[in-house]
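*Asks:* Next comes the sequence, and after it the predicted model I'd like to discuss.
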Amino acid sequence: MANIAVLTGGLWRLRREIATLTGMTPVRWDTWPRPSFAAVAGWGHKPTAERAKRLAARSGKPYIAFEDGPLRSVRPGPAEPPSSMVVDRSGIYYDANTASDLLDFATDPTWSAAEQMSRARAAAALLKRLTLSKYNCGPARTPGQLGLGAGLTHRILVLDQVHGDASIPGGLADSASFDTMLAAAIGENPAAEIVVKLHPDTVSGRRAGYFTRLAPADRIRLAAGPVNPWSLIEAVDAVYTVSSGLGFEAALAGKAVVCFGSPFYSGWGFTDDRSPKAIRPRKADPLELFAAYYLRYARYLDAYSRHEIAFDEAAEQLAWLRDRFLAQDRRVVCFRIPRWKRAPLNRMLEGPAGVPLHSANIEATVEMAQRTGGRIVAWASRDIAPLEKAATAASVPLARVEDGFVRSAGLGASFALPRSLVMDGEGIYYDSRSASALETMLQTMAFPLAVLDRARCLREQLVAARTTKYNIREQEQVDFDSAGRPIVLVPGQVEDDASIHRGSPRLKRNIDLLRAVRERHPDGFIVYKPHPDVEAGFRRGRVPKEKAAELADRIVTRASILRLIELADRVETMTSLAGFEALLRGKPVTTHGQPFYAGWGLTEDLCPVERRTRKRSLDELVAATLILYPHYIDPASGRPCSPELLIERLAAEARRPPNRKERAARLARNSAARALHLGSLVKLMARRSA
C-alpha cells in the first residue's frame, strides 16, 4: 500500500479517515529519516496547506486536498470528527480560481441521468426531513422564539461567515463584500426584516465573524444564539450570502439566493449573482448540483468505526447524535459524582448549555442550578434526602443517575468505567417504594411495532453475544450431575446494595434467601453463586462456606453467571439483575423482592408490587429497559451510541485477550478497590466500637 505524506498535526489526527478515503497509508513527513510517499495530503487551499503543496510540487507527487464535507458534525471545532469529508485531486470545491473534482462531476452528463436524479431527490428529501446542515448544534426555533417581528411583510436572511475563511478569497470576495451585501439587503428590501445569522464558530466564541460587532437596529435582527439553520430558511423569503454553504441549502429549499461572491453553487442559473466571476460550462438546477456535491464528491464516515458509509446512513447517524445532544437542553449540575466516573457522565449529559458542572456542597449545587436554569443530577444510591429537600424548596429539578443494565467489561467496584447510565427524574428503577420513569413507561406506554421489532433483535443479539452487566471473562467451566433433580440457581447479591434496602422488603441477606429457596425446593439441586464484588472482597454479603454448604448443593465462584443460567431449570433471587438475564434466555424466574422486571406477568412474584398492574411481553420489557431508559457510551470513540453497538464492542473485547497494559491497569484498579474497601471496613468497625 502506497504512503501519503501528512505535514500538519490537525490532519494527522484524521489519519484513519485519510487511510479509509484514499486506500493509502498516512506517514508523518516531519520525521527522520524522511518517509517515502506517493502523494501529499493538505487541508484544502488554506494557508496551512502551502507547505504540503510545495512538497508535492518539489517531489513531483500529486497533492490531494481534504476538507470537511456538507455534513460535518453536531458542533463546530476539532473536538468532533467529521461525518463527511471531500477528497479532491484537482483543486477544491470552494476555490473558483482553480478546477475541482466537483466541477468535473457536476458537468458529467451521466451523473444527471434519471436514476441518479431519483436517488438525489430521495436524499435531498431526507436532508430536509432531518433538517441537517454542516453544523447541527442549534435547536429548531419558531419565528416567535427567535424574536422576529410579526408585522413586516417579509424577511431577508443575511449570512455571516468566519473572518478569513478560505472560501471567501476562494469565492473571489473579500471583507468589503460583506458590507456591500448588508447594504444591498437593507436597501433592496425597505419593508423587510433583515435577519443576520452569525456563524456557529462566532456564536461559540472560537472565531470572529464579519458582523460580530453589528448591533440590532430598527429592522435588523441578529440570530446570535444556537439555532437550526432550517428554522431560519423556512422563516425568510430570500437569502443574501457571500460564499456560505448555507446558501446552497436555501436554494435547495426553493428560496431566492443572492450571491456576493462566487461560491461553488453560483453561476449555474439558479442564483442571483451580483459578482459573477466564476464561469460554469452549463446550466444546472439545485438538485443536479446536490447530486454531484452530496452524493458523488462528498464521502461519508461512520461515527464509530470511521469506515466509509452511504449518505443516508451518515445522515441518520448524525441526526441521532444531534438529537441526543439537544435533548440535554438544560445545564446539568452533578452532585458528589466520584471523579473517576465523571468522564462518561460528562459525555452523556453535555448539551447546548455546556458540559456538566460538579459540586460537593448542597447549597452550592442548588445555587448553580438556579443561576444556570439547570437541573441537578445525583448518584441514586447515595443518601441525597437533604439535597432533594433543598432542590424542591428552590424549585430545581433533580434526577437520579445509576449504572445501566449493560454496564462495562469489569466490575464497578474495581473502578471499571460505566458504559451505560440511566437518568431518572421520577425515582430510580431499583427503588420499589415509589414509581420510577422505567416503571411509568412500562405501566403506561404503547410501544411502536418498530421499537418492539428492534427489541427482539437486540435481545437475540445480547443472548448470542453472551453479554451481561459486567462481562467478566469466564474462568471456570462447570457442569452439574443433579441426578434428575431440578437445578435452582440462587445468585448472591451485595447486601448493602441500595437495590436490597429499597427493593426487597422482606429478605435482606443472602443466607436468608438460601433458606427460603431450600424451603421452597427441599428436593431441588440448589446452586449458589456469590456476587463477584463480594467474592472479590470489595463489598458486603459473604456467606460462610460451611453455612452455604448446608443449604446449597454447589457453591460456584468463578464460573460465568450465563453458564449457570443455561444449566439451571429456574432462577430465584431477591432483586439480582441475573433474574432479568435469565428471563432474556427463557428461564422461569421467582422474585423474593421487587426488582424492576417483576410485576409485569413475566415472573413468579412472592412480594408483588401493587402499583404494577400491566401485563407486558418480554420484548416490551426489553424495549423499555435496554433501549428507551438508558444512555450508552461507545468505549472506543467516547460518543453516545446505541445498545447494539455497545454489545458489539463488549463482545469484541471479550474475544480479544488483554494486553500487558490492560492487565496492569486492571490489577491497579483491583488493588485500589480492595484498599478502599478495607479502609471503609476499618472506619465502620471504629464507629461501632466508639
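*Replies:* Noted; the coordinates are in hand.
*Asks:* Please pull up the helix or strand immediately following the helix or strand harbouring residue 386.
*Replies:* Using DSSP states H and E, residue 386 sits within helix 385-393. Sequence-wise, the next helix or strand downstream of helix 385-393 (DSSP H and E) is strand 398-403.
*Asks:* ok, back up a step: between the helix holding residue 386 and strand 398-403, how big is the angle?
*Replies:* Relative orientation of helix 385-393 versus strand 398-403 (axes from the mean of the first three to the mean of the last three CA atoms, to 10 degrees): 140 degrees.
*Asks:* partners of residue 88 in the sheet?
*Replies:* With DSSP bridges as the criterion, residue 88 is bridged to residue 65.
*Asks:* And it, how far from residue 18?
*Replies:* The gap separating residue 88 from residue 18 is 13 Å, by CB to CB, to the nearest Å. Glycine gets a C-beta too; all of them are placed from N, C-alpha and C.
*Asks:* Now for the two: what residues contact both?
*Replies:* Contact criterion CB atoms under 8 Å, 6 or more residues apart in numbering; residues shared by residue 88 and residue 18: residue 66.
*Asks:* Low-confidence stretches in this structure?
*Replies:* Within the chain, the segments meeting pLDDT under 70 span 150-153, 204, 409-415, 471-476, 655-690.
*Asks:* same thing but 80
*Replies:* Scanning the chain for pLDDT under 80 picks out 110-113, 149-153, 201-206, 408-416, 470-476, 533, 535-539, 654-690.
*Asks:* any idea how it splits into domains?
*Replies:* Here the domain parsing of the chain from automatic domain parsing is 3-109, 128-301, 325-431+438-444, 449-648, 658-690.
*Asks:* so which of these gets nearest residue 310?
*Replies:* With CB to CB as the criterion, residue 310 lies closest to domain 128-301 of the domains of the chain, at 6.5 Å.
*Asks:* starting at the chain centroid, how far to the closest one?
*Replies:* Relative to the centre of its chain, domain 128-301 is centred 29 Å away, using CA atoms, centre = their mean, to the nearest Å.
*Asks:* how deep is residue 171 tucked in, by neighbour count?
*Replies:* For residue 171, the count of nearby residues is 29 (other CB atoms under 10 Å).
*Asks:* if we can go back for a sec, contacts for the helix holding residue 386, please.
*Replies:* Here helix 385-393 has contacts from 335, 362-363, 365-366, 369, 376, 378, 397-398, using CB under 8 Å, 6+ apart.
*Asks:* Output it in PDB, but only the C-alpha positions, please.
*Replies:* Provided in PDB are the C-alpha atoms of helix 385-393 (Å, rounded to 0.1, in the frame of the first residue of the first chain):
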ATOM      1  CA  ALA A 385     -32.600  13.300  51.100                       C
ATOM      2  CA  PRO A 386     -31.200  16.700  52.200                       C
ATOM      3  CA  LEU A 387     -30.400  17.600  48.600                       C
ATOM      4  CA  GLU A 388     -33.800  16.500  47.500                       C
ATOM      5  CA  LYS A 389     -35.400  18.800  50.100                       C
ATOM      6  CA  ALA A 390     -33.200  21.700  49.100                       C
ATOM      7  CA  ALA A 391     -33.900  21.200  45.400                       C
ATOM      8  CA  THR A 392     -37.700  21.000  46.000                       C
ATOM      9  CA  ALA A 393     -37.600  24.200  48.100                       C
END
